[in-house]
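Asker: Output the structure for:
(2 chains)
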Protein chains: 2
Amino acid sequence: MKLATLDNGTRDGKLVVVSEDLTRCCAADNIAPTLQAALDDWDTIAPRLELLATDVEHQAVPCERFHESEALSPLPRAYQWADGSAYINHVELVRKARDAEVPESFYHDPLMYQGGSDGFLAPREDIPLGDTAWGCDMEGEVACITGDLPMGASKEEAAGAIKLLMLVNDVSLRGLIPGELAKGFGFFQSKPASAFSPVAVTPDELGDAWKDNLIHLPLMVDYNGEPFGRAEVGEDATFDLADLVAHVAKTRSVGAGSIIGSGTISNKGEDGGPGKPVSEGGRGYSCIAEIRMIETIYDGEAKTRFMVPGDTVRVEMRDKDNHSIFGAIEQKVVQA
Amino acid sequence: MKLATLDNGTRDGKLVVVSEDLTRCCAADNIAPTLQAALDDWDTIAPRLELLATDVEHQAVPCERFHESEALSPLPRAYQWADGSAYINHVELVRKARDAEVPESFYHDPLMYQGGSDGFLAPREDIPLGDTAWGCDMEGEVACITGDLPMGASKEEAAGAIKLLMLVNDVSLRGLIPGELAKGFGFFQSKPASAFSPVAVTPDELGDAWKDNLIHLPLMVDYNGEPFGRAEVGEDATFDLADLVAHVAKTRSVGAGSIIGSGTISNKGEDGGPGKPVSEGGRGYSCIAEIRMIETIYDGEAKTRFMVPGDTVRVEMRDKDNHSIFGAIEQKVVQA
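Answerer: Model (predicted):
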């Protein structure tokens, strides 16, 4: 099933069930007022939402037109947003760009940071930027929303706790990262509010494309209207989503409605080296930092600047029949 | 006014107004079902809660006995928990203990990490520990709960957004910190669930002891029944709570119900050097890492071990008449 949260003027919005083709939706607030409320009692609520989803498909209930532009992030605010960095190629490139080494531990112990979750941008909301020197970048990712999970949960339990999947634009302020990481406490100001896709879907909606706790489809990132990234989410992942969820649960229990991200999707090139831009037949990049590093490698200097007011980014994923699965994140950077 | 959240079997508990002397409480769920709901609409709800608090003081409404042991953390889960490190003495000692330098930027730019907020321990709940090698430590702190704040808010706006104050035991796993910080993304598994005081209070409840966005009273930390820390919260703070809240708001808006912590309270000794234990007439320590470092300085090695199952910690604050302000955090470490 596919779920979305419509803006009804409240902080947490109104839960709706969306048709598979994303054209129609039906209010689900008689079942659960908000997505968080549904997640808080998922075992009871999910089957009722599934029944409604079936009725929506059969047009057995009155529906409204679903407008992606009216959707908030599925969880407009959340109790947890923890973002991994499962794609070693991204980590290698970004670390090279800031002259930092990839720690050996990365290959068996996931990198993860705790992100702010008190307010997410809507999928079509502008990205407010205070200063272009902050180096505003997009990061195209996938993420899951979990149910409850006990401390010390196994990978299998973690896999079972994955209730919903989404896309993310994890906005990053590259100019603030080196200073913050030098302080030793990780990202804080360098990770402002992220935006999630208009629709969250249960893993079964992906059919064969959901396998081994990974989505086996390309993530489509467009920058200023041009294809920028077409990285295969199912390739080059050192860790899958269940590994990341289990990492969260190692020393503490995990509360329902926790959002766990994959980190920037990134593939190696065909020769095992850095991948080529989409315009040159490659799979491109899910963030600007990568292309800047590759420009540095090939041309001696980075030419692509970070985002400034007016720049737009679009993140989407389509199934094999070219149907949008999650709807599109589509954001413009504006001066705050 | 003083507010608490009683365990009623739900994830967010039931909001009650507590008498100043912490002996009685009155259900406030007809005004706002939960503390988060009150914070979401604070300007409307707070005056109504204040009226109820007046009635509670005058015994003009039926009250129940307030039992601290029945309270959850005031926000049993929150949309944000960001913890600063405002006390340079703590940072200097802990960094010495892990052979790390204090970055110069610390003196003008607050250290802060994003903590997990999807589930806090209740103030009397056991601390589950998976492995004693994780080096379980307490950290006695104070924290504020904020209202909404726009991105780029000034320090004055940040000060105005401080709605409630609490105490915290920020549980830390010292054995996991060096490895995590070496990975560069900051704390994650090394910061399991924290616990907050049974009661959250509006700043006016502190009278003269609330000045310059700091609480001017000692934080009482007892370890296994003995006085362990009596650090003055109003002394040796490089940053006050408004500085820390403004730091959060630099690149993003801040949502109502965000919890911002002070970091471990820590005073220098009278001679400007490391402080003495309480048993030797000093103000002691708000965490074990500090006494271990001081033992290393004076005796060549740390003698005090980190917490193991059976150890207890108590964090409280009393006013000048020796009345408990927030109730006591009282926790025992247990094998998970």
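Asker: And the helices in chain A?
Answerer: Per DSSP state H, chain A carries helices over the ranges A:35-40, A:42-57, A:88-97, A:155-160, A:177-183, A:241-248, A:288-299.
Asker: so where's chain A shaky on pLDDT?
Answerer: A:97-98 (pLDDT under 70).
Asker: Which residue does it have closest to chain B?
Answerer: Ranking the residues of chain A by distance to chain B (CB to the nearest CB) places residue A:186 first, at 2.1 Å. All C-beta spots, glycine's among them, are computed from the backbone N, C-alpha and C.
Asker: mind listing what the nearest residue to that residue once chain neighbours are set aside touches?
Answerer: Distances taken as CB to CB, 6 or more residues apart in numbering or on different chains put residue B:186 closest to residue A:186, at 2.1 Å, once the chain neighbours are dropped. By CB atoms under 8 Å, 6 or more residues apart in numbering or on different chains, the residues touching residue B:186 are A:113-114, A:184-187, B:113-114, B:180.
Asker: Tell me which two in the residues you listed are the farthest apart.
Answerer: Spatially, the most separated pair among these is A:114 and A:184, at 14.6 Å (CB to CB).
Asker: sorry, back to before: residue B:286: which of the contacts of residue B:186 is nearest?
Answerer: residue B:113 (17.1 Å).
Asker: Beta-bridge partners for the closest one, please?
Answerer: When bridges are called by DSSP bridges, residue B:113 pairs up with residue B:83.
Asker: Which positions in the stretch 101-250 of chain A make contact with chain B?
Answerer: When proximity is defined by CB under 8 Å from any CB of the partner chain, the stretch 101-250 of chain A lies next to chain B at A:103, A:105-106, A:109, A:111-119, A:128, A:130, A:134, A:151-152, A:173, A:176, A:179, A:181-193, A:247-248, A:250.
Asker: Report the buried members of those residues.
Answerer: A:106, A:109, A:111-119, A:128, A:130, A:134, A:151-152, A:173, A:176, A:181, A:183-193, A:247-248, A:250 (16 or more other CB atoms under 10 Å in any protein chain shown).
Asker: Identify those among those residues that sit within strands.
Answerer: Secondary structure from DSSP state E places A:112-115, A:128, A:173 of these in strands.
Asker: ok, now which ones touch the closest residue in space to residue A:103 that isn't next to it in sequence?
Answerer: Leaving aside its sequence neighbours, residue A:103 sits nearest to residue B:183 (CB to CB, 6+ apart; 5.4 Å). Residue B:183 is in contact with A:103, A:105-106, A:109, A:111, counting by CB under 8 Å, 6+ apart.
Asker: Apply 7 Å and report the result again.
Answerer: A:103, A:105, A:111 (CB atoms under 7 Å, 6 or more residues apart in numbering or on different chains).
Asker: now residue A:266
Answerer: By CB under 7 Å, 6+ apart, the neighbours of residue A:266 are A:87, A:89-90, A:231, A:236, A:286, A:290.
Asker: can you pick the most crowded of those?
Answerer: residue A:286 (29 neighbours; other CB atoms under 10 Å in any protein chain shown).
Asker: Please tell me I have it right and that one contacts residue A:219.
Answerer: Yes - with contact defined as CB atoms under 7 Å, residue A:286 counts as touching residue A:219 (6.1 Å).
Asker: Identify the contacts common to these two.
Answerer: In contact with both residue A:286 and residue A:219: A:140, A:229, A:231, A:265, using CB under 7 Å, 6+ apart.
Asker: Distance of the first one relative to residue A:87?
Answerer: Computed with CB to CB, to the nearest Å, the distance linking residue A:140 and residue A:87 is 11 Å.
Asker: list residues touching both of these two?
Answerer: A:264-265.
Asker: Tell me the bridge partners for the residue nearest the centre of chain A.
Answerer: Centre of chain A computed as the mean C-alpha position; nearest residue by CA atoms, centre = their mean is residue A:168, 2.3 Å away. Applying DSSP bridges to residue A:168 gives these bridge partners: residue A:141, residue A:196.
Asker: need the contact list for it.
Answerer: A:141-143, A:194, A:196, A:261.
Asker: one more time with 8 Å
Answerer: Per CB under 8 Å, 6+ apart, neighbours of residue A:168: A:83, A:139-143, A:194-197, A:261, A:315, A:329.
Asker: next one: residue A:27
Answerer: A:14-16, A:64.
Asker: what is it paired to in the beta sheet?
Answerer: residue A:16.
Asker: The stretch 201-336 of chain A: strands as residue ranges?
Answerer: A:210-211, A:214-215, A:218-223, A:226-232, A:258-261, A:312-316, A:329-335 (DSSP state E, counting those that start in this stretch).
Asker: tell me the most buried of the ones you listed?
Answerer: Among the strands of the stretch 201-336 of chain A, ranked by average contacts under mean count of other CB atoms under 10 Å in any protein chain shown, first place goes to strand A:258-261 (a mean of 27).
Asker: which other residues reach it?
Answerer: Contacts for strand A:258-261 (CB under 8 Å, 6+ apart): A:75, A:78-84, A:115, A:117, A:141-146, A:166, A:168, A:170, A:196, A:241, A:244-245, A:248, B:118.
Asker: which residues touch residue A:134?
Answerer: Here residue A:134 is in contact with A:173-176, A:190, B:251 (CB under 8 Å, 6+ apart).
Asker: Can you pick out the most distant pair from those?
Answerer: Between any two of the contacts of residue A:134 (CB to CB), the greatest distance is 12.3 Å, for A:174 and B:251.
Asker: so what sits against both of the two?
Answerer: With CB under 8 Å, 6+ apart, residue A:174 and residue B:251 have common neighbours A:134, A:190.
Asker: more crowded one of these two?
Answerer: Shown here are residue A:174 and residue B:251; by other CB under 10 Å, residue B:251 has more neighbours (25 against 20).
Asker: In this structure the more buried one contacts residue A:176, no?
Answerer: Yes - using CB atoms under 8 Å as the test, residue B:251 is close enough to residue A:176 to be in contact (7.3 Å).
Asker: Now list whatever residues contact both of those two.
Answerer: A:134, A:189-190.
Asker: Pick the one among the residues you listed closest to residue A:279.
Answerer: Looking across these and measuring by CB to CB, the closest to residue A:279 is residue A:134, at 27.3 Å.
Asker: which residues touch the residue lying closest to that closest one once chain neighbours are set aside?
Answerer: Closest residue in space to residue A:134, ignoring its immediate chain neighbours: residue A:173 at 4.1 Å, by CB to CB, 6+ apart. Contact analysis of residue A:173 by CB under 8 Å, 6+ apart lists A:134-137, A:189-192, B:251.
Asker: Please repeat the previous calculation with a cut-off of 6 Å.
Answerer: A:134-135, A:190 (CB atoms under 6 Å, 6 or more residues apart in numbering or on different chains).
Asker: same thing with residue A:264?
Answerer: A:90, A:139, A:141, A:286-287.
Asker: Now with 8 Å, please.
Answerer: A:85, A:87, A:90, A:94, A:139-141, A:170, A:286-287, A:290.
Asker: again with residue A:139
Answerer: Neighbours of residue A:139 in contact, by CB under 8 Å, 6+ apart: A:168-172, A:263-264, A:286-287.
Asker: Looking at those, which two lie furthest apart in space?
Answerer: A:171 and A:263 (13.9 Å).
Asker: Please identify which of the two sits among more neighbours.
Answerer: For residue A:171 versus residue A:263, the count of surrounding residues by other CB under 10 Å is larger for residue A:263: 28 against 25.
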